[in-house]
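Engineer: could you work out the structure for the sequence below:
(one chain, ligands or ions: 1)
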Amino acid sequence: MKRKKIYKMKNLFNKNDSLGLIKKYSVFPEELALRVYTSRLLGSNPSLVLHGGGNTSVKTKIKDITGEEKDVIYVKGSGMDLCSICPDGFSGLNIAPLIRLGKLDSLSDEDMDNQLKINRIMAESPPPSVETLVHAFLPHKYIDHTHADSIMILTNHKNGKHLVRDALGEKVAVIDYIMSGFPLAKAVLREYENNSELKAVVVMNHGIFTFADDAKTSYGRMIDFVDRAEKYIEEKIKGISLFPSEIEIPEAESRRDSMGRFVQAARGACAFPLPDGKIRRFHVKICSTPDLIAASWSSLAQKICASGVLTPDHVIRTKNKMIYIESVPENDHDLNTLVEMKVNQFKEAYMASLQNYAPSSGINAKETDPYPRLFLVAGIGLVALGFTRKDALIAADIGEHTILAKLRGEAMGGYLPISEDHIFDMEFWGFQQKKVKHLSPGLLEGMVALVTGAAGAIGFGVAKQLLKTGAVVALADLDEKKLVKAQSILADEYGEDLVTSIVFDVTDYQAVEKAFTEISIRLGGIDLLVPNAGIAHVATIEELDPDKFDKVIDVNLKGTFNVMKAVAPIFKRQNTGGNIVVISTKNVFDPGAAFGAYSASKAGAHQISKIAAIEFAQFDVRVNMINPDAVFGDAEISSKLWDLIGPARMKSRGLDPEGLKEYYINRNLLKKPVLAEHVGNGVVFFASGQTPTTGASLPVDGGNSAAFPR
Ligand code: ZN
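Structural biologist: Numbering: from 1, shown residues only. Predicted coordinates for the structure are as follows:
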């Protein structure tokens, strides 16, 4: 397997590109367009900044509404990604009142927050970066700030200061770690006042600021200094192997089973009950790159997991430490026991440190979440958790850089981060907490749902309602073309990270098991299964071809059984309960002529769902059924059932497509159209666990007395 290349510093400034952006953003000051340009260059290199890390600014003049000229500073909005930032991702502030704050000896968080609010030039601009005062106090027109991996390796070292000076030279000031916000701004200002020739300031255990009077130079200095740091490290660790040399990384296929099982268990062990009785589940991202797998087998793996973050900014994403798993047991019981023990140890250690820290800080330790975000797993690599899918992806990227940087740090003679108290200062700092989402999830947030037959009208409608209420959804179907279409529509609307698709045949048990492992690897497990795949065949018993009958039974009955059987061990490993909502049909209660294969197979599926309700209750898994009738698709995603039976029905009743829909609306008690999203709402209701209900049938048919469940 190929190792991922290490990012090399390269100055990417291109005059034509910068002019292009100035033209594109001609309604904004030219300096701001240039600021956007070089900010994106920084953001495009993940070894400089990751996901909302780092910040940049520019000072300029603008005319206010009365035409009066004002000095302003544009600072990156807090948490904005540099790689994709636009002019409106910056917050403009009147700079004069901010500079005056430099005269103060101290400034409370509340006062700083207030000053950053009242001095904005646009009421609706994003809250500016927590480092705004550093940018305001320094006189330079452009300031760039990153948490570059290589700078962090140098500063997180017992001889860090010496290493930084040795690597970066005279024109760089090095200051001790100090809390972000006003204290850091004052400290940086002091350095500049002592030496106005400075080109950069490195803050120990935090990052680097470069500055200049033009965008190109300030950016160029960042690249230059980080490049020097990288080359310096490379020179120092030349000949030292970061990874165990004799290992051979096995092919991906051979570790899929343990990956799937491990994430199910880990996700389950970290799920926790909320005060309202709901379960807060995490989303998962696995990073199984060759370097991370090699790192997971390193003799330093345990040590790397136990040491702290590269820069305190990361702690809200990853927590300070990681869990190391030496091996994934083959037996499910041992796996669950091991993961639970490790998670409990992590929680206890976290709470113990927090108890020491909390009394002096006013933090209510009881309200904090002590759960890990990163696992380094031998043979698998990195497993990252987050409350949202995006949080998990961010934690994974930061975790990957952290592990590889720590290995280089250890090779440099030892990785030494700052103390836990400083980390807690940042973890619980109000300005940081605003960046992350907290403990009040939406109805299905945190859940992973699988919908079979998702390329059809009902499956698609169900998936849509699940995404709308916060679940992450895997769409499954046999029809790849239609499935891709369904996925792309939903990904456009809800975000590509929240919806995945997989082609498999529900009638083939081995294929189902394989697909469930794949879904677990991609999304962490399955909490909600919606068996919806089905086919119909219209023929009277006399005319029904036995092979056709078998086929319908295969998909509708055996397919439902197969997915239920395959999900059971996943529910058990997760140990957080779960839901199965079977899309049944009104025909189960109210069958019709020439629909024997469909009705009988669906009745069988209905019956086995009731058995599942009885058997799975002991794992807190609920199994409920929805009985829709006359659900038509739309122009985008048609109903396969109605594509099949619609023409004959129209012919026998002398109706056109609209007339047929009208006919079915008038046939139900409420005289209402039945839409796929109504079926989806039924699934959401059951999955949300608002009532202690299992084994129930919910008609979604506009009302039909012959089909009332009994
Ligand atoms: Zn920073």
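
Engineer: give the other helices and strands that the lengthiest helix in the chain contacts.
Structural biologist: If you go by DSSP state H, the chain has its longest helix at helix 332-357. Judged by 3 or more C-beta pairs under 8 Å, 6 or more residues apart in numbering; DSSP states H and E, the packing partners of helix 332-357 are helix 252-270, strand 323-325, helix 420-427, helix 559-574. To be clear about C-beta, it is placed using only N, CA and C from the backbone, and glycine gets the same treatment.

Engineer: what's downstream of the first one, the next helix or strand?
Structural biologist: Pointing back at helix 252-270 there. Downstream of helix 252-270, the first helix or strand assigned by DSSP states H and E is strand 272-273.

Engineer: repeat that for the last one.
Structural biologist: On the C-terminal side of helix 559-574, the closest following helix or strand by DSSP H and E is strand 578-583.

Engineer: how close does R573 get to V328?
Structural biologist: 12 Å (C-beta to C-beta, to the nearest Å).

Engineer: meant to ask about N16, not that
Structural biologist: 51 Å.

Engineer: check S609 too.
Structural biologist: Taking C-beta to C-beta, one finds S609 at 33 Å from V328.

Engineer: next one: G659
Structural biologist: Taken as C-beta to C-beta, the span from G659 to V328 is 59 Å.

Engineer: secondary structure class for I65?
Structural biologist: What DSSP: H, G, I helix; E, B strand; the rest coil gives for I65 is coil.

Engineer: quick one, phi psi at it?
Structural biologist: Main-chain torsions, I65, degrees, to the nearest 10: phi -60, psi -20.

Engineer: mutual contacts of R573 and V328, please.
Structural biologist: 261, 335 (C-beta atoms under 8 Å, 6 or more residues apart in numbering).

Engineer: ok so, going back, more crowded one of N16 and V328?
Structural biologist: The residue with more neighbours, out of N16 and V328, is V328; 20 against 7, by other C-beta atoms under 10 Å.

Engineer: and the longest helix of the chain, what's buried?
Structural biologist: 335-336, 338-340, 342-343, 346-347, 350, 353-354, 357 (16 or more other C-beta atoms under 10 Å).

Engineer: tell me the helices in the stretch 401-550 of the chain, going along the chain?
Structural biologist: 420-427, 430-433, 457-468, 480-494, 509-523, 546-553 (DSSP state H, counting those that start in this stretch).

Engineer: mean pLDDT lowest for which of these?
Structural biologist: Of all the helices of the stretch 401-550 of the chain, the minimum mean pLDDT falls on helix 430-433 (a mean of 79).

Engineer: pull the residues that contact it.
Structural biologist: By C-beta under 8 Å, 6+ apart, the list of residues contacting helix 430-433 reads 78, 109, 113, 130, 180-181, 313, 315-316, 426.

Engineer: hmm, 6 Å instead?
Structural biologist: With C-beta atoms under 6 Å, 6 or more residues apart in numbering as the test, helix 430-433 has contacts from 109, 130, 316, 426.

Engineer: between the helices and strands packed on helix 332-357, which one is nearest to S296?
Structural biologist: Using C-beta to C-beta as the measure, strand 323-325 is the one of the helices and strands packed on helix 332-357 that comes nearest S296, at 8.2 Å.

Engineer: which of the three states applies to K672?
Structural biologist: Going by three-state DSSP: K672 is coil.

Engineer: so the residue nearest to R710 when sequence neighbours are not counted versus G459, what's the distance?
Structural biologist: Leaving out its chain neighbours, the residue that sits closest to R710 by C-beta to C-beta, 6 or more residues apart in numbering is F589, at 7.3 Å. For F589, the distance to G459 equals 22 Å [C-beta to C-beta].

Engineer: same thing with P657?
Structural biologist: From P657 over to G459 (counting by C-beta to C-beta), the distance is 21 Å.
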